[in-house]
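A.B. asks: No sequence on hand, only this structure:
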């Protein structure tokens, strides 16, 4: 059974069912035929007991006429050995018979079937068999009342199919049933094989096609998966269980294809990430290495002013390397799910003032105006204070670096439904149109057709806001500087 195909199993089950149905049908046919033959015999012999009762003086003034009874019974048994004749009194007690001594096992016969037959019940009507002590042994019979002076004195009770006939009939029926069963089973098996080979092959054709498609996934690799994911079901096809199973495999193939595409993009991003690290660190490290090497080789030839200038440049490049390394580390932690927001209620207005204080000295040096427009009555927000501070710091740092001297930077806060909207404006040159599309996409030196728009700082801002269920957008303001807007949930 384990090594059989689905078609073979279905064919075997079909054959077993046909054999079972054939056996039940044969049994019912034999039983029906038996009942029909017994009904015919009973109907043909219905008046036999009546004729005997009217034609022969079975009762006398002294009771049972033994001589007449034995003579009649012997004649009947000699003419038709299949019948058994009995004489009953009014209570159904057997008072006369011609059976061999010791063969009669009953003393009484149930009169209810006798009365039913006399009242015209539907045949066959079965009554007790006096030669069997088993209450379940019933036979068709003919009966007639013995009437004397208008009173029923007893009954003539004739068993139409005696024990010998019943035994011969059962033996014949057994041989006929066996022969019929053998022939029927042979025909059923032959029909089952032919029908199973045709019908079940047609029924299981969609399953075989689906099995072939699934097998191709193993040998065809991702190309087969992508091809299966693009399969479109026919609108005129069946909508059965096999169709639903096929749709489930197609959905699985689509999901695998989507995951594969996602992994491919992640792998490309990883390659770009490594290339970005190499590119971003190479320039300041090369500059740092060059100035330090110059100080080491030409230290005696340089003046104090040149030596201090080289040291300051090396220090600036060192700080740049440190800042890049820190940003790369933070971005990696954000992208790989290491950072989990620790949300707490705090005031966005106070946070803006704190961030302004961090850049106050830089702003004064460049004569920049830091302005805050905070709507009154803004409720507390529920977010990670340190991460949102990082967002504000990155945006404000970018604004200060790209805003010219004597410029203005403004942060606006207002409540909008269940969130606080933050908008940061500057009076700088703004962002070029060709850079806006890729502003929040990781910059890559591998994408030759894409310019490096935003930096790592904006990528960090975007990832932090995504952790809070928010996002950042660049607001179009023709003729003005850059304007970034995001929201923080209450």
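C.D. replies: Thanks, I have it. Given the structure is predicted, the values throughout are model-derived calculations rather than measurements.
A.B. asks: and the nearest residue to residue 48 once chain neighbours are set aside, how far is that from residue 37?
C.D. replies: Leaving aside its chain neighbours, residue 48 sits nearest to residue 142 (4.6 Å; criterion: C-beta to C-beta, 6 or more residues apart in numbering). Just so you know, the C-beta spots here come from the backbone N, C-alpha and C atoms, and that holds for glycine as well. For residue 142, the distance to residue 37 equals 15 Å [C-beta to C-beta, to the nearest Å].
A.B. asks: More neighbours: these two, which one.
C.D. replies: The residue with more neighbours, out of residue 142 and residue 37, is residue 142; 27 against 14, by other C-beta atoms under 10 Å.
A.B. asks: Does the more buried one belong to a helix, a strand or coil?
C.D. replies: strand (DSSP: H, G, I helix; E, B strand; the rest coil).
A.B. asks: Can you show me the helices along the stretch 201-350 of the chain?
C.D. replies: 201-203, 205-229, 241-297, 304-335, 348-358 (DSSP state H, counting those that start in this stretch).
A.B. asks: Packed most tightly, which of those helices would that be?
C.D. replies: Highest mean neighbour count of the helices of the stretch 201-350 of the chain: helix 348-358, a mean of 17 (counted as mean count of other C-beta atoms under 10 Å).
A.B. asks: just checking, next helix/strand downstream of that one?
C.D. replies: helix 360-365 (DSSP states H and E).
A.B. asks: got the contact list for that next one?
C.D. replies: Applying C-beta atoms under 8 Å, 6 or more residues apart in numbering, the contact partners of helix 360-365 are 368, 369, 370, 400, 409.
A.B. asks: what are the phi and psi values for the nearest residue to the first one once chain neighbours are set aside?
C.D. replies: Setting aside the residues directly before and after it, residue 368 is nearest to residue 407 in space (C-beta to C-beta, 6+ apart), at 5.6 Å. Dihedral angles phi and psi of residue 407 (degrees, to the nearest 10) take the values phi -90, psi -180.
A.B. asks: Is it correct that residue 407 is in contact with residue 429?
C.D. replies: No. Between residue 407 and residue 429 there is no contact, the gap being 10.1 Å when judged by C-beta atoms under 8 Å.
A.B. asks: of these two, who's got more company?
C.D. replies: residue 407 (18 against 12).
A.B. asks: Can you check the pLDDT for the more buried one?
C.D. replies: We have a pLDDT of 90 for residue 407.
A.B. asks: And for residue 330?
C.D. replies: Reading off the model, residue 330 has pLDDT 72.
A.B. asks: can you pull the contacts of it?
C.D. replies: Neighbours of residue 330 in contact, by C-beta under 8 Å, 6+ apart: 390, 460.
A.B. asks: quick one: it and residue 322, what's the gap?
C.D. replies: If you go by C-beta to C-beta, the gap between residue 330 and residue 322 works out to 13 Å.
A.B. asks: One more: residue 124?
C.D. replies: 111 Å.
A.B. asks: Low-confidence regions, the stretch 1-150 of the chain specifically.
C.D. replies: 1-8, 10-11, 22, 26, 30, 56-70, 73-81, 98 (pLDDT under 70).
A.B. asks: The same query, at a cut-off of 80, please.
C.D. replies: 1-42, 44-49, 51-83, 96-103, 133-137, 148-150 (pLDDT under 80).
A.B. asks: quick one: the strands in it?
C.D. replies: Using DSSP state E, counting those that start in this stretch, the strands of the stretch 1-150 of the chain run over 59-60, 63-64, 84-89, 94-97, 126-128, 138-148.
A.B. asks: Which strands border the fifth one, and is each parallel or antiparallel?
C.D. replies: Spelled out, it's strand 126-128. Strand pairing for strand 126-128, using DSSP bridges, gives strand 138-148 (antiparallel).
A.B. asks: Buried ones in the strand it pairs with, by neighbour count?
C.D. replies: 138, 139, 140, 141, 142, 143, 144, 145, 146 (16 or more other C-beta atoms under 10 Å).
A.B. asks: Contacts made by that strand with the rest, please.
C.D. replies: Contacts of strand 138-148 (C-beta under 8 Å, 6+ apart): 38-39, 41-42, 45-54, 58-59, 87, 113-114, 117-118, 123-129, 152-161, 166.
A.B. asks: re earlier: how about the helices of the stretch 201-350 of the chain in JSON lines, adding distance to residue 21?
C.D. replies: Formatted as JSON lines, the helices of the stretch 201-350 of the chain follow (distance: least, C-beta to C-beta, whole Å):
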{"stretch": "helix 201-203", "distance to residue 21": "19"}
{"stretch": "helix 205-229", "distance to residue 21": "26"}
{"stretch": "helix 241-297", "distance to residue 21": "25"}
{"stretch": "helix 304-335", "distance to residue 21": "67"}
{"stretch": "helix 348-358", "distance to residue 21": "81"}
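A.B. asks: closest to residue 468 out of the ones you listed?
C.D. replies: helix 304-335 (11.8 Å; C-beta to C-beta).
A.B. asks: and the angle from the closest one to helix 241-297?
C.D. replies: Counting by axes from the mean of the first three to the mean of the last three C-alpha atoms, to 10 degrees, helix 304-335 lies at 170 degrees to helix 241-297.
A.B. asks: Centre of the chain to helix 304-335, how far?
C.D. replies: 57 Å (C-alpha atoms, centre = their mean, to the nearest Å).
A.B. asks: repeat for stretch 39-54
C.D. replies: Relative to its chain's centre, stretch 39-54 lies at 69 Å (C-alpha atoms, centre = their mean).
A.B. asks: Filter the contacts of strand 138-148 down to the buried ones, PyMOL style.
C.D. replies: The PyMOL command for the buried members of the contacts of strand 138-148 (criterion: 16+ other C-beta under 10 Å) is given here:
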select buried, resi 38+41+42+45+46+48+49+52+53+58+59+87+113+114+117+118+123+124+125+126+127+128+129+154+155+156+157+158+159+160+161+166
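A.B. asks: Check the gap between the residue nearest to residue 368 and residue 369 for me.
C.D. replies: 7 Å.
A.B. asks: now residue 289
C.D. replies: 40 Å.
A.B. asks: ok, now residue 91?
C.D. replies: 131 Å.
A.B. asks: go on, residue 94?
C.D. replies: Taking C-beta to C-beta, one finds residue 94 at 133 Å from residue 369.
A.B. asks: These two: which has the busier surroundings?
C.D. replies: residue 94 (18 against 12).
A.B. asks: who touches the spatially closest residue to that one that is not a sequence neighbour in this structure?
C.D. replies: Once flanking residues are discounted, residue 94 sits nearest to residue 86: 5.4 Å by C-beta to C-beta, 6+ apart. Shown in contact with residue 86 (C-beta under 8 Å, 6+ apart): 94, 96, 97, 109, 130, 156, 157, 158, 159.
A.B. asks: again, but for residue 212
C.D. replies: With C-beta under 8 Å, 6+ apart, residue 212 has no contacts at all.
A.B. asks: pLDDT value on it, please?
C.D. replies: 74.
A.B. asks: Against residue 346, how distant is it?
C.D. replies: Taking C-beta to C-beta, one finds residue 212 at 61 Å from residue 346.
A.B. asks: Without its sequence neighbours, what residue ends up closest to residue 366?
C.D. replies: Nearest to residue 366 is residue 405, by C-beta to C-beta, 6+ apart, at 4.9 Å.
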